[in-house]
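K.L.:
Have a look at this prediction, sequence included:
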Protein chains: 2
Amino acid sequence: MSAEFTIGELGRASGVNPETIRYYERTGLLAAPPRSQSGYRRYDADAAKRLRFIRRGRELGFAIEEIKTLLQLADHPEAPCREADSLARAHLAEVEARIADLCAMREVLSQIVECQSHTAEHCRLIETLDQRSCCSPLPPL
Amino acid sequence: MSAEFTIGELGRASGVNPETIRYYERTGLLAAPPRSQSGYRRYDADAAKRLRFIRRGRELGFAIEEIKTLLQLADHPEAPCREADSLARAHLAEVEARIADLCAMREVLSQIVECQSHTAEHCRLIETLDQRSCCSPLPPL
DNA sequence: GTGAACCCCGTAGTCACTACAGGGTCAAGC
DNA sequence: GCTTGACCCTGTAGTGACTACGGGGTTCAC
């Protein structure tokens, strides 16, 4: 009934490379699929959907463990979505802080790029980065 | 004359943990400092400044190798403008691409965060991730 | 003079992949 | 029916940027 894919076909269909799919299986993010007689993995449309969900989550910067949580939430639609919401909220705050920092960096870099001088003007780069320790809500690395 | 720090003091002063400082030294990002008689690293204010620069750069998502380049750029304000300019220009383009990526993420995330539902059934996070290929201008992982 | 807090070095672990070695399978073309 | 090449398998090791740990030496306040 439902179409079957090899790992390579699944990879092309979902934009995830086969090595990564096997890695997701090893780490328990994606269930081990049934195998063909010769031991090849055989995926169905549901696995493809799940994998696209994972990929999208990773693109948005969620960690593997966070995606596991999200998948559990998606699997239990009767549960409250508070947890999913707070994950997204925390992540949004992080993304916004990063954008703010990068915008500051862009400003400095574009000043440097526009700089006509042949001398110490470039020092602004190091000075600015050095001074801008003020308002960073970023977690320590 | 100029104050001296141990690696731990430098760490506290710059927000970088001592293990990371030693790692930066191993990888050539931070010069090996002079040592005390007993072999302890002794840093000066300039090293602290440099390390804060590195930390900010990392927070902004630059790779170690990129930061090496940025440090060279900052260290040689007298270098021919042509060369320095193109380095800065390349980094600016990179920063702008990164900003664009993060802005796309922010948009999706902030839509998700407005979720009003009390159950995962209608939770936008899960819906959005499920609807895969909608609006992603993001590069493949 | 002793105990805690620091420092040294080297190695191994983390995360999320990615690559590689050394083999087996499958389908198409000759 | 045989070869060729693209695919699949497993297991292990490498990547980047740290972080932790083990086993030892040093410093300093009490």
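P.N.:
On my side now, so go ahead.
K.L.:
How about the helix or strand where residue A:94 lies and chain B, touching?
P.N.:
Using DSSP states H and E, the secondary-structure element containing residue A:94 is helix A:82-114. Yes - with CB under 8 Å from any CB of the partner chain as the criterion, chain B is reached by helix A:82-114 at A:84-85, A:87-89, A:91-92, A:95-96, A:98-99, A:101-103, A:105-106, A:109-110, A:112-113. Where C-beta positions appear, they are placed from N, C-alpha and C, glycine not excepted.
K.L.:
and that helix, what other elements does it pack with?
P.N.:
Contacts of helix A:82-114 with other secondary structure elements, assessed using 3 or more CB pairs under 8 Å, 6 or more residues apart in numbering or on different chains; DSSP states H and E, are made with helix A:64-75, helix A:124-131, helix B:81-113, helix B:124-130.
K.L.:
Run the angle between that helix and helix B:64-75 for me.
P.N.:
Helix A:82-114 runs at 40 degrees relative to helix B:64-75, counting by axes from the mean of the first three to the mean of the last three CA atoms, to 10 degrees.
K.L.:
Next to DNA strand C, which bits of chain A? Give me the list.
P.N.:
Selection of chain A residues close to DNA strand C by CB under 7 Å from any atom of the strand yields A:17, A:19-20, A:23, A:36-40, A:58, A:63-65.
K.L.:
re earlier: by mean pLDDT, show me the worst of the helices and strands packed on helix A:82-114.
P.N.:
The minimum mean pLDDT among the helices and strands packed on helix A:82-114 belongs to helix A:124-131 (a mean of 59).
K.L.:
Make sure residue A:28 is indeed in a helix.
P.N.:
No - note on residue A:28: no helix contains this position according to DSSP: H, G, I helix; E, B strand; the rest coil, which reports coil.
K.L.:
separation between it and residue A:72?
P.N.:
Per CB to CB, to the nearest Å, residue A:28 is found 12 Å from residue A:72.
K.L.:
which of the two has more neighbours?
P.N.:
The residue with more neighbours, out of residue A:28 and residue A:72 and counting by other CB atoms under 10 Å in any protein chain shown, is residue A:72; that gives 13 against 10.
K.L.:
got a list of what residue A:64 touches?
P.N.:
When contacts are counted by CB atoms under 8 Å, 6 or more residues apart in numbering or on different chains, residue A:64 is found next to A:27, A:29, A:58.
K.L.:
Identify the residues contacting the residue in chain A positioned nearest to DNA strand D.
P.N.:
Taking CB to the nearest atom of the strand as the measure, chain A has residue A:8 as its residue closest to DNA strand D, at 2.5 Å. Counting by CB under 8 Å, 6+ apart, residue A:8 touches residue A:18.
K.L.:
Does residue A:53 touch residue A:72 like I think?
P.N.:
No - taking CB atoms under 8 Å as the contact criterion, residue A:53 and residue A:72 are not neighbours in contact, 11.9 Å apart.
K.L.:
What lies in contact with whichever strand or helix holds residue A:21?
P.N.:
When secondary structure is defined by DSSP H and E, residue A:21 falls within helix A:18-26. Contact partners of helix A:18-26, identified using CB under 8 Å, 6+ apart, comprise A:7-8, A:10-11, A:16, A:30-32, A:51, A:54, B:141.
K.L.:
Can you mark which positions in stretch A:105-113 are buried?
P.N.:
The neighbour-count criterion (16 or more other CB atoms under 10 Å in any protein chain shown) identifies A:105-106, A:108-109, A:111-113 as the buried residues of stretch A:105-113.
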